[in-house]
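1. show me how the following folds:
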Amino acid sequence: MPRIVPISDLRNKTNRLRELCHEGEPVFVTRNGEGELVVMSQALYEQMQTRLELYEALEEAESFRQKGHKGRPHETIMKSLKSRLT
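-> Reported below is the predicted structural model:
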């Protein structure tokens, strides 16, 4: 369930807003009944950024596949990765 708070809570209930953000969900801040801001913890923001980067990489790979690129065999990739470790 989304958390929705009035903009006055940014000033008057900062600690409570901070606690809500650290529960792992973004908090939607309204002004005059309309959406104004979204506030979230830094950890959640970083998690969302990481997920976005993964989706972008997957989209790029899917685009290559649709253009007919076959990619590299699993064995070739594993050999390359192992050579980097030694």
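
2. could you pull out the helices for the protein?
-> Counting by DSSP state H, the chain has these helices, from start to end: 8-12, 14-21, 42-66, 74-85.

3. and residue 2, which of the ones you listed is closest to it?
-> helix 14-21 (10.8 Å; Cβ to Cβ). Bear in mind the C-beta positions are built from the backbone N, C-alpha and C, glycine included.

4. report all helices and strands that the closest one contacts.
-> Helix 14-21 makes packing contacts with strand 3-6, helix 8-12, strand 27-31 when contacts are defined by 3 or more Cβ pairs under 8 Å, 6 or more residues apart in numbering; DSSP states H and E.

5. centre of the chain to the helix or strand of the chain with the lowest mean pLDDT, how far?
-> Every helix and strand of the chain was ranked by mean pLDDT, DSSP states H and E. The lowest is helix 74-85, at a mean of 90. The chain centroid and the centroid of helix 74-85 are separated by 29 Å, computed with Cα atoms, centre = their mean, to the nearest Å.

6. in a markdown table: the helices and strands packed on helix 14-21, plus distance to residue 45 and mean neighbour count.
-> Shown next, in a markdown table, are these (distance: least, Cβ to Cβ, whole Å; neighbours: other Cβ atoms under 10 Å):
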| stretch | distance to residue 45 | mean neighbour count |
| --- | --- | --- |
| strand 3-6 | 16 | 14 |
| helix 8-12 | 17 | 12 |
| strand 27-31 | 12 | 16 |
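
7. can you put those in CSV and add distance to residue 60?
-> Listed next are these as CSV, based on distance: least, Cβ to Cβ, whole Å:
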stretch, distance to residue 60
strand 3-6, 34
helix 8-12, 38
strand 27-31, 31
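
8. just put those in TSV and tack on mean pLDDT and distance to residue 54.
-> Listed next are the helices and strands packed on helix 14-21 as TSV, based on pLDDT from 0 to 100; distance: least, Cβ to Cβ, whole Å:
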stretch	mean pLDDT	distance to residue 54
strand 3-6	96	26
helix 8-12	95	32
strand 27-31	97	25
